[in-house]
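# here is my input; please provide its structure:
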Amino acid sequence: DSQNLYIGTISFDSEPDKIIVSQSRRDADLSDTDSIEVLLDTFNDGQNAFVFGTNPFGIEYDGQVTGEAQAGRFNTNWDADWVVRAQMTERGWEAEFAIPLKTLRYEPGDDRTWGVNVMRNIRRKNEQVFLSPVPRGYNLHRVSVAAKLSGLSLPARRELKLVPYAVGSVNDDRALRTNPV
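The predicted structure is shown next:
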């Protein structure tokens, strides 16, 4: 489907019975659980990005980074429309993300480049592993160090939302009533 971005991960673990999973609710903090987070800098500007994450229970974690998250500019209140499935396996745990392109803002066209980084949290080892190295003292939200994914052909965004609504009012002004004598 050309209208979705699919990401698959395999988190190999030689001791899968020791994987730590402590969260099961949407947008729960992923720092205390084994997890995967994917950063997508869809304008390749090194400043702004979308983050999607999960743990072996398959929770949905998402947010937006603006200004490379300086001064705490990471918006976890942004709730995107996407799906993730995860499961424990004999080789560790695996996850599959399906992110509709209409969820993201990007420049359509051919030969586009996005910044991409991935962080794996291995909780029992207090270890974080990145696709593209992040300097000590920083985290995944350091958008400017993301790897580059180039050669993307991106369709025009099609987003039409119809939201039905109704407006009404009730006037209960008792002063307008007349009382019979």
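
# phi and psi next, for Thr89.
Per-residue torsions, Thr89: phi -140, psi 180 (degrees, to the nearest 10).

# any low-confidence regions in this structure?
Low-confidence segments of the chain, defined by pLDDT under 70, are located at 1-2, 69-72, 158-181.

# can you pull out the strands in it?
Secondary structure of the chain (DSSP state E): strands at 4-12, 35-41, 49-54, 61-65, 74-75, 83-89, 92-100, 109-122, 127-130, 147-154.

# any idea what Gln128 is bridged to?
Asn121 (DSSP bridges).

# dump the residue contacts of it.
Neighbouring residues of Gln128 by CB atoms under 8 Å, 6 or more residues apart in numbering: 119-122. C-betas here are computed from N, CA, C, even on glycine.

# could you identify the most distant pair in those?
Between any two of the contacts of Gln128, the greatest separation by CB to CB is 10.5 Å, found for Met119 and Ile122.

# so these two - more neighbours on which side?
Met119 (21 against 17; other CB atoms under 10 Å).

# my guess is that one contacts Leu30. True?
No: between Met119 and Leu30 there is no contact under CB atoms under 8 Å: 9.1 Å.

# overlap in contacts, the two.
Both Met119 and Leu30 are contacted by Glu37, under the criterion CB under 8 Å, 6+ apart.

# show me the contacts for Arg26.
Neighbour list for Arg26: 59-61, 79 [criterion: CB under 8 Å, 6+ apart].

# what about those, which are in helices?
Among the contacts of Arg26, DSSP state H puts none in helices.

# which of the residues you listed are buried?
Buried residues within these, counting neighbours by 16 or more other CB atoms under 10 Å: 59-61.

# make JSON lines out of the residues you listed and add distance to Leu5.
Shown next, in JSON lines, are the buried ones among the contacts of Arg26 (distance: CB to CB, whole Å):
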{"residue": "Ile59", "distance to Leu5": "19"}
{"residue": "Glu60", "distance to Leu5": "15"}
{"residue": "Tyr61", "distance to Leu5": "16"}
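
# between those residues, which is nearest Leu104?
Glu60 (15.2 Å).

# the residue lying closest to the closest one once chain neighbours are set aside and Val84, how far apart?
Nearest non-adjacent residue to Glu60, counting by CB to CB, 6 or more residues apart in numbering: Arg26, 5.1 Å away. According to CB to CB, to the nearest Å, Arg26 and Val84 sit 10 Å apart.
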